[in-house]
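> here is my input; please provide its structure:
(one chain, ligands or ions: 2)
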Amino acid sequence: MIELVDVVKKYRIGIHEVVALNGVSLSVRDGEFVVIMGPSGSGKSTLLHLIGCLDKPTSGKVIIDGLDTSKLSDRELTELRRDKIGFVFQQYYLIPTLTALENVELPMVFKGVPKEKRHSRAEELLELVGLKGKEDRKPKELSGGEQQRVAIARALANEPSILLCDEPTGNLDTKSGKVVMDIIKRLNVEEGVTVVLVTHDPSLSDYGDRVVRIRDGRIIHAD
Ligand SMILES: Nc1ncnc2c1ncn2[C@@H]1O[C@H](COP(=O)(O)OP(=O)(O)OP(=O)(O)O)[C@@H](O)[C@H]1O
Ligand SMILES: [Mg+2]
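Ligands and ions are numbered 1, 2, ... in the order given. Here you go, the predicted structure:
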């Protein structure tokens, strides 16, 4: 369960203050697929970063599985991110010098999973996203859609219960975008992974159980 309670996020640039989120409250149940839609600059990425504990709110609370994240130390936050949360971004952020397999293994290296085990799990995950046979390719030897599928496999490495996706199809053509969305949907339905996906693409709204609309840092419609 993800709970945001009256979350405000302000950024300061010199003497200027930008209010990116202006009192957002939102609950996402375990196993739910929530699509957050809103125009550019409305605060979608900021919201996702706060849910993923990549950043802290200026005020308000972010509660993950009953844990008030404002009360956690940096070390505890790192562990929470590593063990519960997977991220998928518009720019895949794969390590260019590593193969697909090594990219997927990386989060397991950080967790101290033994070599044999992380190797076989990475192979399984790449198969799950339809990339069997391409394990040894470097990112630049893969299409955008394939790179995003590697990024999804990497996000799943430590069996997160929550998958946070920021415009995951933003750089993809319609067909590869659909492949990626179908994988995310399948993870949600079959594995019960909670998904929060932000986008400004209305055609993705059907994938969610629920659409939340955000504008100028506020939720304007939640059904
Ligand atoms: N690190 C930062 N420093 C200052 N202002 C920021 C920072 N990050 C975001 N902002 C501002 O906060 C507001 C919300 O930004 P955010 O990135 O969350 O929007 P978004 O909905 O994800 O937009 P897009 O669809 O273009 O990705 C914007 O006005 C943006 O300029
Ligand atoms: Mg954004």
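> separation between the residue nearest the centre of the chain and ligand 1?
The centroid of the chain falls nearest to L164 when counting by CA atoms, centre = their mean (2.1 Å). Counting by CB to the nearest ligand atom, to the nearest Å, the separation of L164 from ligand 1 is 12 Å. C-beta here means a position set from N, CA and C on the backbone, and glycine is covered the same way.
> do G133 as well
Computed as CB to the nearest ligand atom, the G133 to ligand 1 distance reads 34 Å.
> again with E124
Per CB to the nearest ligand atom, E124 is found 32 Å from ligand 1.
> so which bits of the helix or strand hosting that residue are buried?
Assigned by DSSP states H and E, E124 belongs to helix 115-128. Buried residues in helix 115-128, counted by 16 or more other CB atoms under 10 Å: R118, H119, R121, A122, E123, L125, L126, L128.
> find the nearest non-adjacent residue to L197, please.
Distances taken as CB to CB, 6 or more residues apart in numbering put C165 closest to L197, at 4.2 Å, once the chain neighbours are dropped.
> could you list the residues in contact with the one helix or strand that neighbour maps to?
Per DSSP H and E, C165 falls inside strand 162-166. Residues from elsewhere that reach strand 162-166 (CB atoms under 8 Å, 6 or more residues apart in numbering): 2, 44-45, 48, 51-52, 64, 84-90, 155-156, 184, 187-188, 193-198.
> which among the residues you listed are in contact with ligand 1?
Filtering the contacts of strand 162-166 for proximity to ligand 1 by CB under 6 Å from any ligand atom leaves K44, S45.
> in strands, which of the contacts of strand 162-166 fall?
I2, I64, I85, G86, F87, V88, F89, T194, V195, V196, L197, V198 (DSSP state E).
> so what's the residue nearest to the centre of the chain bridging to?
F87, V196 (DSSP bridges).
> near ligand 1, which residues of the chain?
Going by CB under 6 Å from any ligand atom, the residues of the chain near ligand 1 are 11, 13, 18, 20, 38, 40-46, 200.
> hang on, the earlier thing: pull the most distant pair out of the ones in strands among the contacts of strand 162-166.
I64 and F89 (19.4 Å; CB to CB).
> which of these two has more neighbours?
Shown here are I64 and F89; by other CB atoms under 10 Å, I64 has more neighbours (21 against 18).
> good, wrapping up.
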